[in-house]
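Enquirer: with the sequence up front, the predicted model follows.
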Amino acid sequence: MSETRRRLVRAFWTVDRLLGGERPPTRTQKFTARHPVILSLLTGAVWATFFLLLPDVQPSDYVIAPIGSLLLGGIFGLAALYERRRQRRLRRLGLWDGS
């Protein structure tokens with residue numbers, strides 16, 4: 001790994017620690033880390049349903065709803081994967097026992 005990349009990784013984890021990233025995860029965070037795909041699908045489905053239930057739905061909304069749900073679900077999925085990595089790091093450092 002290059003020196004620049006190591007510095008960036010160290011800086012990222014320093015900021016994470018300052019924001020409380022070394023605290024044990026809550027029940028919701030544990031669920032999120034264990035089931036990132038379910039979280040993504042549920043988020044996308046809820047967003048698309050809500051979007052299509054709004055009054056005065058236009059034909060273009062039937063194209064926007066699935067695209068928006070994919071994007072929003074993807075963002076939530078990436079956040080869940082980050083949480084999984086954070087929990088793995090907590091276990092590796094001995095800050096959390098994984099329970």
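Expert: Yep, it's here.
Enquirer: tell me the secondary structure for the nearest residue to Leu41 once chain neighbours are set aside?
Expert: With Cβ to Cβ, 6 or more residues apart in numbering as the criterion, Leu41 has its nearest non-adjacent residue at 6.4 Å, and that residue is Gly73. (Glycine included, C-beta is placed from N, CA and C.) Classification of Gly73 by DSSP: H, G, I helix; E, B strand; the rest coil places it in helix.
Enquirer: so Gly73 touches Ser40, yeah?
Expert: Yes. Counting by Cβ atoms under 8 Å, Ser40 is a contact partner of Gly73 at 4.0 Å.
Enquirer: residue nearest the centroid of this protein?
Expert: Centroid-nearest residue in the chain: Ala79, 1.6 Å away (criterion: Cα atoms, centre = their mean).
Enquirer: list the contacts of that residue.
Expert: By Cβ atoms under 8 Å, 6 or more residues apart in numbering, Ala79 lies in contact with Thr32.
Enquirer: what do you get if the cut-off is 7 Å, keeping everything else the same?
Expert: Contacts for Ala79 (Cβ atoms under 7 Å, 6 or more residues apart in numbering) come out as none.
Enquirer: in terms of helices and strands, where is it?
Expert: Counting by DSSP states H and E, the element that carries Ala79 is helix 61-93.
Enquirer: next, the buried residues of that helix.
Expert: If you call a residue buried by 16 or more other Cβ atoms under 10 Å, then helix 61-93 has these buried ones: 65, 69, 72-73, 76-77, 80, 83-84, 86-87, 90.
Enquirer: on the three-state scheme, Glu22 is what?
Expert: coil.
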